[in-house]
Each structure stands twice: as structure tokens, then as C-alpha cells.
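In: Sequence and predicted structure are below.
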4 protein chains.
Amino acid sequence: MTDTLPTLADIPNGIVSLSDYERFAGETLDTNAWAYFSGASADEITARWNRQAFDRVGLESRVLRHGKGGHTRVELFGKKFEHPILVAPVAHQMLAHPDGEQATAVAAAALDAGFVVSTLASMRLEDIAVAAGPRIWFQLYMQPDRAATLDLVRRAETAGYEAIVVTVDAPVSGARNREQRAGFRLPDGMSAVNLGDYAQHVPSAALQSVVFEHFLPIAAVWSDIEWLAANTSLPVILKGILNADDAERALGYGAAGLIVSNHGGRTLDTLPPTFTVLPRIVDRVAGRAPVLVDGGIRRGTDVLKCIACGASAVMVGRPIVYGLAVAGVRGVAHVLRILRDELELAMALTGCRTLSDAGRDLLVTDPLQLKL
Amino acid sequence: MTDTLPTLADIPNGIVSLSDYERFAGETLDTNAWAYFSGASADEITARWNRQAFDRVGLESRVLRHGKGGHTRVELFGKKFEHPILVAPVAHQMLAHPDGEQATAVAAAALDAGFVVSTLASMRLEDIAVAAGPRIWFQLYMQPDRAATLDLVRRAETAGYEAIVVTVDAPVSGARNREQRAGFRLPDGMSAVNLGDYAQHVPSAALQSVVFEHFLPIAAVWSDIEWLAANTSLPVILKGILNADDAERALGYGAAGLIVSNHGGRTLDTLPPTFTVLPRIVDRVAGRAPVLVDGGIRRGTDVLKCIACGASAVMVGRPIVYGLAVAGVRGVAHVLRILRDELELAMALTGCRTLSDAGRDLLVTDPLQLKL
Amino acid sequence: MTDTLPTLADIPNGIVSLSDYERFAGETLDTNAWAYFSGASADEITARWNRQAFDRVGLESRVLRHGKGGHTRVELFGKKFEHPILVAPVAHQMLAHPDGEQATAVAAAALDAGFVVSTLASMRLEDIAVAAGPRIWFQLYMQPDRAATLDLVRRAETAGYEAIVVTVDAPVSGARNREQRAGFRLPDGMSAVNLGDYAQHVPSAALQSVVFEHFLPIAAVWSDIEWLAANTSLPVILKGILNADDAERALGYGAAGLIVSNHGGRTLDTLPPTFTVLPRIVDRVAGRAPVLVDGGIRRGTDVLKCIACGASAVMVGRPIVYGLAVAGVRGVAHVLRILRDELELAMALTGCRTLSDAGRDLLVTDPLQLKL
Amino acid sequence: MTDTLPTLADIPNGIVSLSDYERFAGETLDTNAWAYFSGASADEITARWNRQAFDRVGLESRVLRHGKGGHTRVELFGKKFEHPILVAPVAHQMLAHPDGEQATAVAAAALDAGFVVSTLASMRLEDIAVAAGPRIWFQLYMQPDRAATLDLVRRAETAGYEAIVVTVDAPVSGARNREQRAGFRLPDGMSAVNLGDYAQHVPSAALQSVVFEHFLPIAAVWSDIEWLAANTSLPVILKGILNADDAERALGYGAAGLIVSNHGGRTLDTLPPTFTVLPRIVDRVAGRAPVLVDGGIRRGTDVLKCIACGASAVMVGRPIVYGLAVAGVRGVAHVLRILRDELELAMALTGCRTLSDAGRDLLVTDPLQLKL
Ligand SMILES: Cc1cc2nc3c(=O)[nH]c(=O)nc-3n(C[C@H](O)[C@H](O)[C@H](O)COP(=O)(O)O)c2cc1C
Ligand SMILES: Cc1cc2nc3c(=O)[nH]c(=O)nc-3n(C[C@H](O)[C@H](O)[C@H](O)COP(=O)(O)O)c2cc1C
Ligand SMILES: Cc1cc2nc3c(=O)[nH]c(=O)nc-3n(C[C@H](O)[C@H](O)[C@H](O)COP(=O)(O)O)c2cc1C
Ligand SMILES: Cc1cc2nc3c(=O)[nH]c(=O)nc-3n(C[C@H](O)[C@H](O)[C@H](O)COP(=O)(O)O)c2cc1C
């Protein structure tokens, strides 16, 4: 770690929003890393939809209400969070900054943000935990061997992670054309260190279909979720749910929570944007478990719109690594600070003292349409 | 004042519409002032929506009607106005032109336009009133101290203002990223002179949440409106109402009129455009009080569309300061002249002799949609 | 006239559609003339809508039908037309080409197209008639003095015009900003020669409202139509009708036909596109009179779509003068030839032997919308 | 043939999707050939719609399902296909690459793709068959003389073609403006060799209407289909059906299958996109015959969307010739490989083990619309 105390002193001038961080990161990162972090699948339609879905929906203003004593606090799985903005699991963060996941951990802790560490972190999950605050979760890619999976879970439990986030939407890797065009590969010396001890499964060249003959046979299925939930005391949260039927199944197989996610548009292109599928999932879950959401959240208003739809909290992916790339710990902290400030502004101007004041009546679904 | 008699003699060639003034102002103003006047909140979606909402709606033509004796007159709060176009309150006008609010006042008077003076004017409200015509209103930002608020109101009453416009949509300032990126600040020597005599409230650096712990606790609430209405003989008009429930409340707490406004998109981004929320508010108010509207009005057809929806009058913000920046008094006068001429054209071509001929049947909500 | 026999020999290479003529005309005409011909009112929204309305609607294909003996013939007001494409009245055609309206007349005759001569033609209506074929109509702007109006009508009758097209949508001139910015004026020596003998009415500078005090008082009203219809044996066709109520009135006051038109977007901006209002007008007229339409027709498919909606024929404005500007008689002829060829193609591929085979079932109103 | 064994060794770097091939082909082909292959009719609206129709529709994700043993196999007209992606008939392939249709045949065979050979191939259908795999069909343009038609069919039968695809949507050639502007003509030595032996019908210059007097009288009609079906033992498949009524008729006149196609937008502009008309046709056919579809298919997700709507298989046109132009056999093979891989990915991520798992519930028709 080059520094541990986040201050915003040397953030470049003119950075005042998450989109500014994106722009600056595009100039800071090399082509390889930029393609990896910013890219999405195929024509990146889902990635764009994630943003557009928010930008088409309006918020009701409500004026002259008492706002004193308001706050952004939320409780998730029995733990208190100062605000509903979590850091999404993003692999290989040392590609963005030498301080990698530890820097992100420090910033998240300083800004009271929950932090989800990826299975594919570029640092050992134990080392990240040391730098982190109390609200950390471990994102798990189920391994072909249950023993490996269980070992990862035990390590996370031991290191103090408070939940297991199982990412279920990536049994195969998406057609990430931007990465492919850039010829992306991890730099020498960087790797998924947390998986170093387990056997890797490389597809044989002789297969007719790498999808149906290699990847799907070793991919997790619903019964594996049941097994996992039975084998850890931590809440198991499924990440990558996009419709009500899978949400229902998730609860049935033991999930304690859900994250509505399309992996930031990085798996299958033209999966629907997360924001528009959120209400149906919230309706089906009907309070039986917290529903979180990620994908394209860049503004405090986006956060509030999700909460208004019934999400308990949100996660942010790319902006975090952009902050990391541009200014390390301070960048990540600044990203989180901006987003939280914007959320408070949005609450103030829509007359919400607490997040529970934000319901669906806050949302204007067709703001441009004149109705007479 | 460099001149008092508006003539259009030395307007730059090629200025024939309000959008031309915008373009010229962008070239005339320095980056600082341009960011301040033209900027809006966050991604400026609401600001764009304000315009798009008008540009998507059609007007019915009605031909061969008698038009003789037609006029644009309207009565508001017992006073006659030659036409329904008012100058919206815009702060710090000396940033646009050394003649500042006085120039605007002169031009508004010459063009028979109502003029609303901002609490944050760069000239003393008394000095502006001297230059102004009879139809002036005072825009009030409620002060944390009731004494200060009352003092402002008394000064306005004394100076001859005919109404108090209380802006209720800005308890906190929006995330005006364009301004922030430009590092906007008022030039030396310019300030909100009308507030100079009252104590200012600066947020302490120690606060966890500047929104919930500083701004909201000192912000006005509904009961303050009731108190204000009880303490002035002038009509109290609430500016910044965007939905029917708040409109209802406003009337209940003593407002004599409403201005449907999202502050030109400068407070919370993705608030709905004013034009599309107007009909529901007019319906709820149901004639109990005049409803005005502002935001994105740039064409005579925009004015007519608002009137057709049931607005009593409209206000125009940025174009006025663009006119001021480009050509001082003459520029403001020209802006108002263009808009009024365009309104008359629009009335003539839609077969309206008077504004009361313009009803909702004049509006085509989906002009591009073929219906078979 | 520099030539009388249209051949397509020296049309510039690469001109294969009406949009090519637009492009070439933009390069051929000087700024002044280009602004006049291509410009429309205000932000030119209606002009764009005219085009977009066609481009959003699909056509059904119908295959393997017998097409032998098919044709494009149509009868209007008791006269036979080889095809339903007429030349719209466009003023001041000598601004496009020294051969002016005479060239257009020759080309229209050669291509069997009906030709409507504007009151504001740059050549005498009598001289144009000499060069023209049998299918010519006279477009009339009603004059403030009935005597002048009647004189124009008598001259048209005498010269062999077969119908009087009364343009009713321009009692005042639109805010044609593009022209204004270009400082458009007629070149020396060019004028509305057909009006030279009548007294002109210039607005006095002293007026408060030039619209309500000058133009509307001298504008025609419904009873003038009744008077006109009673005073000529020619069919009176009203041009500039945009809704069913005015269509009904038109028939009531003696009109023998209607032209659905928004003057190519040149009068009031945001009037609806002609194509989308056409069906409601056709429905109301219910066969009592022919309904024609103009505005944005640039493709054979546009013609067919109008016919399918129930129009009897269409008129084309700007493309004609673009053809004239680029290549005189030959250009106009080529424009008409392209459009007719495209119409025949469209008929062939939609399985229409004659225009009466084209009904509303040919139109796909939401071609991009998947319906499951 | 310069080579027969497809390897992907020397594909240019950075080609990872079909759109990359389009880009590279645009740089490889000369203006003439590029205009021919990439162009479409008139304003190319239908061509764009073909793509947009896919890009507006979402796919449901379904997670954690068993995928082992999955495959892409499909049966058509009693024959097995490894996957549902066929090569559409595209004329004059030697214009793209000297190896022409033979190269395409080799690549299609190597990738187990059905291949449809055009009547207008630049090589003799017998010579193409020699290079091809077992799954080849012959695309037939019905000739004015039945004898010529029958001769073509007999040659195809003899050469081993397994079906006759009759293209019915081009009785006349579309207004292909891009080609016309480029002055497209076939290079010397290239021609529609398969028609060389039959008399050609050239329109006489004296005709009034080349469409109604030349082309339509010699065009095929429904009874010709009946005759053809009765005169060949091969299944007759009609290509170019765009609505349910024509689909019904096709079955009635003896068609064994249908291809929903608008000829890649090359005949009549503003014909609807094939994807949106597909469901109604599938519904009407109701399993009586296989329904295939082409037009704008560029992604595995597009293929899956068509299958989900009820198509049995899809065809791909331009991308194949782009692959051919860029890298001959290897290019075509790569295009097919990419598309099949993407299809498998799409199946995996939507939880489809086989194509029959893909139903309409997989499709999200309005993915951006928030519904509360
Ligand atoms: C570069 C990158 C790497 C990611 N790595 C992981 C990962 O290892 N595990 C995981 O569950 N999600 C991963 N994600 C998905 C994120 O957790 C999250 O769902 C997504 O980024 C949210 O969208 P946003 O980036 O638009 O905020 C990754 C996303 C990105 C952009
Ligand atoms: C530079 C600027 C300063 C403004 N200052 C004030 C103000 O002091 N008080 C207020 O009530 N509204 C203020 N407004 C909002 C305007 O009164 C008005 O609501 C808005 O400008 C209308 O939108 P328009 O600019 O699109 O016409 C300001 C607007 C701008 C652009
Ligand atoms: C330059 C120009 C001059 C016109 N002059 C007349 C005119 O004198 N009388 C009239 O009735 N319409 C006039 N029109 C309107 C046309 O008759 C017609 O309604 C319109 O051009 C149709 O739209 P289009 O140009 O998109 O085809 C004029 C249009 C243009 C573009
Ligand atoms: C250059 C070109 C030539 C074509 N030639 C033929 C042909 O000879 N016969 C035919 O039935 N279709 C022909 N087609 C249409 C294709 O079979 C197919 O319908 C179309 O290309 C599918 O759309 P896509 O190109 O977007 O994939 C041709 C298409 C192109 C682009």
C-alpha cells in the first residue's frame, strides 16, 4: 500500500462525477486494461441499456417537507450499513492500480461502504480482509470440485467475510469482443491468486462444442446452491438473477438474498437492463429476502430509483476501478463520496428523510409523454 | 445604465430566434459565466427534457377563422398583462452584462413583460424597481431567520413589487457539474447584495451529512408558507411545484398561485419536464389559482402549448440573460419581441383570437404516429 | 426557354433519387435561393416530421400476383391523369433557373404530370399556360380586394387552368428563420408578376400587433370561400387543411376537393406531418371529394403510402425546384420520371395492379415492434 | 481453388465478430463490388430495420440449469443439420473472391452449414456442387420460359441439390440507389453462367411502363408454383414471404417450406423487418411446414431470437461474402464458426440445452420500458 489515509487532495481538477472518472480512466489505463474494464459483451447493447434504463425514468419532486434527522442507513442480513452503496466484485484490480483490492478495501471502509471481493481478485482474500472494514462479502465462483469450493468458503469465513455472493450468470464467459480485439491478457505476474491452489480445468482442443461439452458439464446447478447453503453459516446471496422465476427458485434452494445483475453487460448481450427487471423480481420475492441490484449505476438518482423500486441496496462496479485507476485509494473514496452525496441530494429534493420513504410513486415512467 | 431607450439597431446580424441568442451568448460570455448560465444539474437530462417535451407535441391548424381584434392579453392576480410572457428570476445578472438587472427591467417594461427579480440579484431590489415597469414581482428564497425573510418581504412591498414568488425547489443546491468542472465562482465585487445585511449560515466542516444535518434543518417547510402568506398583503406564489399533490398542499397553505418549474433543470436531474406535468396540476387546481410554468420555453409555439394546457402565463429564464449578454437592454427587448411575435403567429395559424381560444384540443400528443 | 424537348442526356452522374437532387441543388443554388427553397419555419420540426412520418411506416409485400395490364392512372375532377403525382405550387421559380415556371410546365407536360402554378410565380400565368400541358391548375392566394381575386380567377379560367387551388394556411407568413438568417430577398427584376396590377397592402409601422391589426383583418375567411365557389365554374380546391373539422367545413362552404398540406413546414412549426393526419381527414370526407396531400414526398413508396391511406393523388414541392435548379427542364422531368418509376416498382412489389388495389391493409404502422 | 483445407491461421488480427468482417470487407473490396454487396434499396431503411429489430429485443437469462449433452442440431425436410445456420443465396460471389462459390461451398461443408446456391452464381451449379457438402439447396429464379425453368431444376436435381428455393420477392429489381450511384456493373468475364443457355428477355425501349408492360407480364404467379411443385421431387421452398396470407397461399400451392425474407432490404424499401413479421407467419403456418428466416442476422443472439419465435433455421447473406472477400474459404468458415459459437453461448446463458428449449417466453419485447 502506498498510502492508507484517504484524502481528496490530489484528485485531478475537473472530476466531479462518476462519468468524469470514466473519462480520466480511459486516458490513464493502457489499451489492454481499458478494454478489460470498460468492455462488455458483443455489441455492448446491454451495457448501454443499463444506463439508458435509468436515464429514461423521472423522479417526482416533493417540496417543503421536514428533512431534519434524515439518513441513508439500511440493514442487510442483520448488519447495519451507513448507506446502501456497495462495491461490486471486480476481478484483477491490480490491473487498475498497483495497490489493487487493498486500496479499494481501505477506501470502502473509510466511506462506510460494503465491499464484495471477487474470487478472481489479484490479491489473496486474506490480505484484502486485513485492509478492509467490517462490511466485506466474498464473491464465489463455484469451482468444478466441491472441495475447492468449500476451501474457498472456509477461507472467507475465517478471514471475516460476512456473506457469500455466488455469481451464477457466468457458466461460460461472454463474447467480449472489445477485449478480444485488443488481444487482452493479464500482465505477467498477475493472476487469480485465490485459485492458485486448486486444479484448473482447461477445455481439450478436440471438442466439437466447448460450451456443451466442456463448460456446461462442470457448471454449477441449482442443487449445488442447496449444498452450499447447507455447508456455510454465512448468508448465501445469488448474483446474476434477472427474472422472477429464477428468483423464486433461488429462495427455494436456500439463497438468503439476491443480486439482480447482468454482470454489467459482460455475459450475454441483449440481456435486459437490470433496472427494468427489478420491480417484477421485488414483487415476487415479496420481502422474503433482500434484493440488491447492480449495472450502470452512476448517479445518486440511479441509486434512489432502485431503492424506490424496492431494492435494499445497490452495487457499483466499473466506477470503482476507474477511481482506483485515476487516484488509488483517494479515487475510490471520492467515487463513493460523490455517489453518496448525490443520493442525499436526491433524497432531499424528493422529500425522503429515509430510504423507506422512497416508494414506486416516486418514479415517473414516461416523463416525456404528454398525457391529456 | 449605458442606455435606456431600447432600439434593435445594433443587434448582431443573423439573430432571429432565441436559439440564435444562445449561440451568440456562448461566444460572448467567458467560460465561467457561460457554465453558470447555461449549465444544469448532473447530466442535464431534465434540461434537455424541458425542450424535447415541447418539440414532440404538435399543434392543430385551424384555417379561415375571423382573427380581427385578436390580442394576447391576460389578467393575473387582478393585474392586466399585455401578454403572458414573464421574465423568470435569474440570479447574478451583472455576470451577463454590467447593466445587470436594471437593463432587464428596462427591456421588460418596454415590452410590457412581467419581471420577476431574484433574491440573488446582483443589484439591490430597490434599485431595480426604479428602472422597472409596473409589473414586477419579487422572488424570495426563505431565509433561515424569519426576521430576515420578513425584512426582504417588507422591502419588496415598499419598493412596489406586486407579488412574492417563493422558490421552494432548492432547499439544497443541485449537483451542477458543468459549473463545478469550470470551477465557477462569482467575480470579485459581485455578490447577492440583497442578502448582505443578514447573517449567513455556512455548513460546519465536521458534519457527517451536509444535506441532512445542515441544509434540511434550516430549510422552509409548509408551515412557513402559511406564516408568510399571513404576513404579507401581496399574493404568495410558489415556484417549483411539479405534481398535483404539492399543488393541492400549496393552495391549502395559502398560496395564491403556482409556478410549475424544475428550476430549468438546475436542481435534481431527471425531474420530469414541466410541460408534461402541467396538465395534471392544472386539472387538480381546477381554476382555484393561476398556474404558471417555466422551463425550456424558446418559441411562441411553446408558449401557446402551455396556455393550451391551461397555464395562465409562462416565464423565460436563460434566453433573457443570453439577450442581456449579447446586447444589453436591446438584446432582452429583442428576445421578448421575438417570442411575442411568434406567439401571435402561432395564435393566428391555429385560429385563436385570444388565449382563451387555446384549449387542449389544440395539442397533438403523438404527431408522428400513424393511426389507421 | 433554352430548350423544349426534355432528354436526360446531361443530368449529372450519380443522380438516381430525389435526395440526390436535393444534394446537388444545395451545391448549385446560391445561399439566398437555397435558404428560400430548402428552408422551413422556425426549427423546421414539421419539415422533418413530414419525412419521418413516411420513413416509420412499413409496406406489406404481396407476391406472385398477376400484374399484367397494371397502370397508375387516376381521375380527378372529371379529368384523366396518367399517374397521381402533381407538381405543387412553388413561388418564384426563376430563382432556381432562368427558364422558371415555363421549364417546369414543359417537363410536367412531358411526364404527364399535373402542374399547379403559384399566384407568386415569377412568370405570368398566361405565359406559363402556353408552355404547359392540359393538366394545369392555378393556385390562388385570395387578395384583400375581391376584385383583384376575381380578376386572377378570370385570367386563370381564360388561360385554360382547370381548377383553382386556394391556399388557406398562410394568412400570415411563417417565422422562416433560415431565410431570415440568410437575409433572403428576391433579386432585382424578379417579382410576383401576376400581382403587379393590384394594389398591395403594406403593414403600417405604427401598429402594436402586425398579426392581429394588419394581416388577420385582411385575411380570407370561410364565407370568402363560399363566394369564390359561387363565382367560378372551376372546381375550388382548398390547400392547407390539416384536420377533419376544417375538412368538413371546407365541403360545407363549397370546396370540390382538399389538399392536406402544412405548406412543407413553412408556416407554423410543429404542425403535424401530413401523412399522419391524412387518414382521419379521408375518413371524414368519406368519398365526398378527392383528398390530395403534399409534404415530404420523396419516394415512390411515399406516394403509395398516401394512396393506401385514401389520398387520390399527391403533390411534390421542393424536389421539383431542385430538379429545375440542377438541370432545367430535364431535371424536372427526371425527378418526375424517378418518382413515377419508383411508384410502379412499389406497386409491383406490393401486388397492386392499379391504385385502387392499395388500401390501408398495405400499411404496417409499427414495423419495428415485435409483438408476441 | 487456391486452397481447400480451411484453417483460421491467416485471418487478419482483430476480427472477432461478423461486424468486423463487414468493416474489413469495406476496405478490401473495390467501390463497385462493395456497393453491390453492401447496398440495399432506396434509403436502405429496411436493411437498417432488419438489424434494429433484433437489437431492440431482449433475452431472458435462466441460470443454474443442467446443460450437459446440449446441442444445436435440427432436422429440415427429413435431413439432419448440425446447427440451424445456413448460407443464403448470394449472386456473383466471384466478385468477392476469385474462388467464388466453390470457396463458400468448401467452408460451409467444413462447418456443417447448409448452403443455398443462387441462380445467379458466378460458377456453374454443377461445379459448385462438386466442392460442396451434402446439405446444398438450389435457389431458383423462375424463368419466363417454363422449359428453361425446368432445365435448371433438372440440373440441380442431377447435381445433388436437396431442395429448390424459389425466390418470389423480386419480379422486378429494386431501386438499388447505392449501386446505381456507383455505376455498378459486372466485370468483364463474369456473368450469370447458369443462365447462359437460355434466351434472355430485354425490355424494349418503346414501352410506357417497363414494370407493367415488361417485367410483370413475364413474372411468375401462384399457379407457376403449383406447376413447379408438381414437376420436381425436391421440396419447394418459397423465399421472400413477409405475411401470413402469402404464407397460407404458399402452402396451398404446394410449398414445402417458407423463408421469411425481404431480400436483405434489396427489393422494396420500407418492407418490414423480417424478425417482427416472423411470429405471425409462424402462427399461421402452425407447424405445417418449416419456416426459415433471413435478414440482418449477425449474432448468435439473433439466431436464438428467431428460433425462439418459431423459426426452424436461419440464413445469413452478406457476412458470408464479407468473409469470402477478406479471407476466402477461411473467412467464410470463420464467419460460420463465430456465429455458431455465439449461438451456443446464447443457449448456455438462456438455459437452453437444445433449440426446442427456446420459446417465446425467452424474448423481452420492450426491455427498456420500466413497468411499475
Ligand atoms: C472488469 C470487471 C470485472 C468483473 N469481475 C467480476 C467478478 O470477478 N465476479 C463477479 O461476480 N462479477 C464481476 N463483475 C461484474 C460486477 O460485479 C458487476 O456486476 C458489474 O460491474 C455492475 O455493473 P457496472 O460496472 O455497470 O456498475 C466484473 C465487472 C467488471 C466490469
Ligand atoms: C443562471 C440561472 C439562475 C437562476 N436563478 C434563480 C433564482 O435566483 N431564483 C429562482 O427562483 N430561480 C432561478 N433560476 C430558475 C429560473 O427562474 C427558471 O426557473 C428557469 O431558468 C426556467 O428555465 P429556462 O432557463 O429553460 O427558461 C435560475 C436559472 C438560471 C438559468
Ligand atoms: C420554396 C417554396 C415556395 C412555395 N410557394 C408556395 C406558394 O406560392 N403557394 C402555395 O400554395 N404553396 C407554396 N409552397 C408549398 C408547396 O405548395 C407544398 O405545399 C410543399 O412544398 C410540399 O412539401 P415538399 O416541399 O416537402 O414537397 C411553397 C413551398 C416551397 C418549398
Ligand atoms: C449481394 C447480394 C446478392 C443476393 N443475391 C440473391 C440471389 O441471387 N437470390 C436470392 O434469392 N437472394 C439473393 N440475395 C438475398 C439473400 O439471399 C438474403 O435474403 C439476404 O442477403 C439476407 O440478408 P443479410 O444479407 O442481411 O443476411 C442477395 C443478397 C445480397 C446481399
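Out: Now that the structure is in, tell me what you want to look at. Residues are numbered from 1 along each chain as shown, chains lettered A, B, ... in the order given. Ligands and ions are numbered 1, 2, ... in the order given.
In: tally of neighbours for residue A:68?
Out: 12 (other CB atoms under 10 Å in any protein chain shown). From N, CA and C alone the C-beta is placed, and that goes for glycine too.
In: The closest residue to it other than its chain neighbours: how many residues sit nearby?
Out: Among residues not flanking residue A:68 along the chain, residue B:217 sits closest, at 4.5 Å (CB to CB, 6 or more residues apart in numbering or on different chains). Residue B:217 is flanked by 16 other residues according to other CB under 10 Å.
In: residues in contact with the single nearest residue of the stretch 101-250 of chain A relative to chain B?
Out: Relative to chain B, the nearest point of the stretch 101-250 of chain A is residue A:112 (9.7 Å; CB to the nearest CB). Contacts of residue A:112 were listed using CB atoms under 8 Å, 6 or more residues apart in numbering or on different chains, and they are A:81, A:82, A:83, A:133, A:135.
In: what's the farthest-apart pair in those residues?
Out: A:83 and A:133 (13.0 Å; CB to CB).
In: picking up where we left off before, which one of the contacts of residue A:112 sits closest to ligand 3?
Out: Of all the contacts of residue A:112, residue A:83 has the smallest distance to ligand 3: 55.8 Å, by CB to the nearest ligand atom.
In: right, and the closest one touches residue A:113 too?
Out: Yes - contact criterion CB atoms under 8 Å: residue A:83 and residue A:113 qualify, at 7.2 Å.
In: So for those two, which sits in the more crowded spot?
Out: Neighbour comparison, residue A:83 and residue A:113: the larger count goes to residue A:113, with 28 against 23 (by other CB under 10 Å).
In: leaving aside the residues next to it on the chain, what's closest to that one?
Out: Take residue A:113 and drop its neighbours on the chain: the residue closest to it by CB to CB, 6+ apart is residue A:336, 5.1 Å away.
In: what does the average pLDDT come to for the helix or strand harbouring the one you found?
Out: Element membership of residue A:336, judged by DSSP states H and E, is helix A:318-349. The pLDDT scores in helix A:318-349 average 98.
In: go on, stretch A:168-183?
Out: 96.
In: How about it and chain D, any contact?
Out: Yes - interface with chain D: stretch A:168-183 contributes A:168, A:169, A:171, A:172, A:174, A:175, A:177, A:180, A:181, A:183 (CB under 8 Å from any CB of the partner chain).
In: Got phi/psi on the spatially most central residue of chain A?
Out: Nearest to the geometric centre of chain A sits residue A:88, at 2.6 Å (CA atoms, centre = their mean). Main-chain torsions, residue A:88, degrees, to the nearest 10: phi -70, psi 160.
In: What distance do you get for the residue in the stretch 151-300 of chain A positioned nearest to ligand 3 to ligand 4?
Out: When scored by CB to the nearest ligand atom, the stretch 151-300 of chain A has residue A:270 as its residue closest to ligand 3, at 37.5 Å. Noted for residue A:270: a distance of 18 Å to ligand 4, by CB to the nearest ligand atom, to the nearest Å.
In: from chain A, which residue is nearest to ligand 1?
Out: Closest contact between chain A and ligand 1, by CB to the nearest ligand atom, is at residue A:317 (2.2 Å).
In: Excluding covalently adjacent residues, which one is nearest to that residue?
Out: Once flanking residues are discounted, residue A:317 sits nearest to residue A:88: 3.9 Å by CB to CB, 6+ apart.
In: so what's that neighbour up against?
Out: A:116, A:264, A:294, A:315, A:316, A:317, A:320.
In: so the fifth one touches residue A:299, yeah?
Out: Think residue A:316. No - Residue A:316 is not in contact with residue A:299 according to CB under 8 Å; the separation is 10.6 Å.
In: picking that back up, which element, helix or strand, includes the residue of the stretch 101-250 of chain A closest to chain B?
Out: For residue A:112, there is no enclosing helix or strand under DSSP H and E.
In: need the strands for the stretch 201-350 of chain A, in chain order.
Out: A:236-241, A:257-260, A:291-294, A:313-316 (DSSP state E, counting those that start in this stretch).
In: Residue A:38: which of those strands is closest?
Out: strand A:313-316 (14.4 Å).
In: hmm, back to that, which members of the contacts of residue A:112 are positioned in strands?
Out: Within the contacts of residue A:112, residues falling in strands by DSSP state E are residue A:81.
In: Mind putting the contacts of residue A:112 into JSON lines with pLDDT and distance to residue C:251?
Out: Listed next are the contacts of residue A:112 as JSON lines, based on pLDDT from 0 to 100; distance: CB to CB, whole Å:
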{"residue": "A:81", "pLDDT": "98", "distance to residue C:251": "71"}
{"residue": "A:82", "pLDDT": "98", "distance to residue C:251": "72"}
{"residue": "A:83", "pLDDT": "98", "distance to residue C:251": "67"}
{"residue": "A:133", "pLDDT": "96", "distance to residue C:251": "79"}
{"residue": "A:135", "pLDDT": "98", "distance to residue C:251": "75"}
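In: Now the buried members of the contacts of residue A:112.
Out: Neighbour counting over those (16 or more other CB atoms under 10 Å in any protein chain shown) leaves A:81, A:82, A:83, A:133, A:135 as the buried ones.
In: how about the closest residue to the fourth one other than its chain neighbours, phi and psi?
Out: The reference is to residue A:133. Excluding the flanking residues, the one nearest residue A:133 by CB to CB, 6+ apart is residue A:109, at 2.9 Å. The phi/psi pair for residue A:109 (degrees, to the nearest 10) reads phi -60, psi -50.
In: what does the helix or strand of chain A with the lowest mean pLDDT contact?
Out: The weakest-scoring helix or strand in chain A, judged by mean pLDDT, DSSP states H and E, is helix A:216-218 (a mean of 94). The contact list for helix A:216-218 (CB under 8 Å, 6+ apart) reads A:144, A:171, A:172, A:201, D:66, D:67, D:68, D:70, D:348.
In: In terms of distance to ligand 4, which of those residues ranks first?
Out: Closest to ligand 4, out of all of these and judged by CB to the nearest ligand atom, is residue D:348, at 24.3 Å.
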